[in-house]
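Undergrad: Pasting a predicted model and its sequence here:
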Amino acid sequence: MAAKRKTKGAYMISAVAEMYEIHPQTLRLYEREGLLKPSRTEGNTRLYTEEDLERLEFILNLARDLGVNIAGIAIILQMRERMEEMNRQMQSFVEYVRTEMLTRFQQAQPGAPGAIVPMRRPVIARDGGAARAGAVKRP
């Protein structure tokens, strides 16, 4: 597995290649294939952030430890991003439902301003006619 970093900042391609014991061309290939997207300086030098390095560690784990090829890595990364987006959407939905339920619960409290007062359902007799509330019709 790749070595863990102890410092923060941006790293040039040569430093990243040395840290992870890979050839700089491999990093360029990963960028060409869309697996990595390092930022660039005005002089067009690649700069790898902490997030880029975390993503690179994941890529190297897939390639080195699990033997996944570049096409497989791309698919796994896309699926991972979709799952993260779905998780964000689900969390947002759960928060919406929680807020809505809390609002409705507070409105349903007796004596609360704007409280919703539940109505009693009418009791329907077996013959189809309305019966007195609370009355039970015997067969």
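TA: Now that the structure is in, tell me what you want to look at.

Undergrad: just the helices in the chain please.
TA: 13-20, 24-32, 50-60, 70-108 (DSSP state H).

Undergrad: who touches the first one?
TA: Right, helix 13-20. 2-3, 5, 11, 23-24, 26-28, 38, 45-46, 48, 53, 56-57, 60 (Cβ atoms under 8 Å, 6 or more residues apart in numbering). C-beta coordinates here come from the backbone N, C-alpha and C atoms, glycine included.

Undergrad: ok, the closest residue to S39 other than its chain neighbours - contacts?
TA: Closest residue to S39 apart from its sequence neighbours, by Cβ to Cβ, 6 or more residues apart in numbering: L47 at 5.0 Å. Going by Cβ under 8 Å, 6+ apart, L47 touches 10-12, 38-41.

Undergrad: let's go with 10 Å and repeat that
TA: 9-13, 16, 38-41 (Cβ atoms under 10 Å, 6 or more residues apart in numbering).

Undergrad: Let me have these in TSV, extended by distance to R88 and pLDDT.
TA: Shown next, in TSV, are the contacts of L47 (distance: Cβ to Cβ, whole Å; pLDDT from 0 to 100):
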residue	distance to R88	pLDDT
G9	28	74
A10	27	91
Y11	28	95
M12	32	95
I13	31	96
V16	29	97
P38	24	95
S39	24	94
R40	28	91
T41	31	90
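
Undergrad: Relative to D65, which of those residues is nearest.
TA: Among those, V16 lies closest to D65 (Cβ to Cβ), at 18.7 Å.

Undergrad: how about low-confidence regions in this protein?
TA: Scanning the chain with the threshold set as pLDDT under 70 gives 1-8, 110-125, 127-139.

Undergrad: Can you give me the neighbour number for L66?
TA: L66 has 10 neighbours, counted by other Cβ atoms under 10 Å.

Undergrad: List the contacts of it.
TA: Contacts of L66 were listed using Cβ under 10 Å, 6+ apart, and they are 72-73, 76.

Undergrad: Try it again at 6 Å.
TA: Residues near L66 by Cβ atoms under 6 Å, 6 or more residues apart in numbering: none.

Undergrad: Since that was my last question, I'll sign off now.
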